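Undergrad: what follows is a protein structure lacking sequence information:
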């Protein structure tokens, strides 16, 4: 089942709602993500626990999940970082062992796979982004994906300005003295004459719909997705080949279980080998080589709102050390020219050589 949404953020809000997450419930997730992954959890008063990450894939490290599980844990929210799959088998095993749901944030991974399975179809719910920066776009948009019939029914209602909840048919199809008209239909009546919510229990819907224009654009873009991803893979492999032997530079590996679609291209810089901090290397790339560097992502457990909740430096040491000392993203998109790719390769060589010579 797929429900088109206005963004990945709204798809994640739907996920939190259909899972009926409540204040005090606990959800385990990653600190290596865009902060909106956690917004639906914060909005529902959920207690967020951060596992640590694998230092190469930058995905959540399954070995750090289970120690965080308590009797209040309800769900695990993974993020397939940068276009490469989380190692999902151990995550799903933990979830099965403890009776937890799994949500996949697939904002970076349209067209990516894990052991031949499309991402977003392995956990209970998958949430996709079609923002203009993503591998395919509807301008702005997203999708909620699930194989669960009930979750799908709830998402269709709640995402399209309808409430959802258990209902029973009324014995008398009337509102006060007024019976249901037989000669005209008012769409806004819904089932007011014929049904009641059981015990008044229902969930409030939202307008999370994708626009028709965005959907039309997305259908065309979907047809191009494999080609666009292949171009990203070609660029990433050329970058890998060109910089893997530079002293102090380590390229990210493509895991044997994953088909990486390189929404982000990540390299790892070793300040001890080069003899200069990461900031100096980034300054060279930006100021002397004209390459814009945007680092993704600052460990979100250190954002002010999470520090206000009690999260602190030292909680996720791998994520922290990787971000502050090693992690760098070079630009990647399908319409980079071969000349631009070669310029970036040369810039990495020149930057390291210059810093080592100081």
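TA: Ah, there it is. Just so it is clear, the structure is predicted and the values come from calculations on it, not from any experiment.
Undergrad: and the longest helix along the chain, what does it pack onto?
TA: If you go by DSSP state H, the chain has its longest helix at helix 212-243. Packing partners of helix 212-243 (3 or more CB pairs under 8 Å, 6 or more residues apart in numbering; DSSP states H and E): strand 249-251, strand 265-269, helix 338-356. Yep, even glycine has a C-beta here, placed from its N, CA and C like the rest.
Undergrad: just say which of the ones you listed is most tucked in.
TA: Greatest average neighbour count among the helices and strands packed on helix 212-243 goes to strand 265-269 (a mean of 22), per mean count of other CB atoms under 10 Å.
Undergrad: just want the angle from that strand to helix 338-356.
TA: Angle of strand 265-269 versus helix 338-356, following axes from the mean of the first three to the mean of the last three CA atoms, to 10 degrees, is 10 degrees.
Undergrad: residues making contact with strand 265-269?
TA: For strand 265-269, the surrounding residues in contact (CB atoms under 8 Å, 6 or more residues apart in numbering) are 56, 58, 82, 235-236, 239, 243, 248-252, 278, 281, 322, 325-332, 348.
Undergrad: that strand: how far from the chain's middle?
TA: Remark: strand 265-269 is offset 20 Å from the chain centroid, using CA atoms, centre = their mean, to the nearest Å.
Undergrad: so the residue nearest to the spatial centre of the chain is in which element?
TA: The residue lying closest to the centre of the chain (CA atoms, centre = their mean) is residue 105, at 3.1 Å. Per DSSP states H and E: residue 105 is located in strand 101-106.
Undergrad: just checking, next helix/strand downstream of that strand?
TA: By DSSP H and E, the next helix or strand past strand 101-106 is strand 113-114.
Undergrad: given the next helix-or-strand element following that following strand, what are its sheet partners and their directions?
TA: Per DSSP H and E, the first helix or strand lying C-terminal to strand 113-114 is strand 117-118. Using DSSP bridges, the strands paired with strand 117-118 are strand 113-114 (antiparallel).
Undergrad: how many neighbours does residue 273 have?
TA: 14 (other CB atoms under 10 Å).
Undergrad: ok, residues contacting the helix or strand encompassing it?
TA: Remark: residue 273 resides in helix 271-274, with elements defined by DSSP H and E. The contact list for helix 271-274, computed with CB under 8 Å, 6+ apart, reads 247-248, 277-278, 281, 325-326, 352, 355-356.
Undergrad: now swap in stretch 344-353 and tell me
TA: By CB under 8 Å, 6+ apart, stretch 344-353 touches 238-239, 242-243, 246-249, 267, 274, 281, 284-285, 288-289, 291, 330-331.
Undergrad: buried set for the helix holding residue 273?
TA: Neighbour counts over helix 271-274 (16 or more other CB atoms under 10 Å) mark 271, 274 as buried.
Undergrad: where exactly do the strands run in the stretch 51-200 of the chain?
TA: 73-79, 101-106, 113-114, 117-118, 125-129, 142-146, 167-169, 174-175, 178-179, 195-197 (DSSP state E, counting those that start in this stretch).
Undergrad: contact partners for the closest residue to residue 323 other than its chain neighbours?
TA: The shortest distance from residue 323 to any residue other than its chain neighbours is 5.5 Å, reached at residue 299 (CB to CB, 6 or more residues apart in numbering). By CB under 8 Å, 6+ apart, the contact list for residue 299 reads 31-32, 316, 319-320, 323.
Undergrad: before we move on, back to that, buried set for the longest helix of the chain?
TA: 214, 217-218, 221, 228-229, 231-233, 235-236, 238-240, 242-243.
Undergrad: which residues touch the residue nearest to the centre of the chain?
TA: Listed by CB under 8 Å, 6+ apart, the contact set of residue 105 reads 8, 12, 33, 37, 77-80, 127.
Undergrad: same question for residue 87.
TA: 54, 57, 59, 62, 114, 255, 257.
Undergrad: can you add pLDDT, neighbour count and distance to residue 88 and give the residues you listed back as JSON lines?
TA: JSON lines is the format used below for those (pLDDT from 0 to 100; neighbours: other CB atoms under 10 Å; distance: CB to CB, whole Å):
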{"residue": "54", "pLDDT": "98", "neighbour count": "21", "distance to residue 88": "13"}
{"residue": "57", "pLDDT": "98", "neighbour count": "23", "distance to residue 88": "12"}
{"residue": "59", "pLDDT": "98", "neighbour count": "24", "distance to residue 88": "10"}
{"residue": "62", "pLDDT": "98", "neighbour count": "20", "distance to residue 88": "9"}
{"residue": "114", "pLDDT": "98", "neighbour count": "23", "distance to residue 88": "5"}
{"residue": "255", "pLDDT": "97", "neighbour count": "17", "distance to residue 88": "11"}
{"residue": "257", "pLDDT": "98", "neighbour count": "16", "distance to residue 88": "8"}
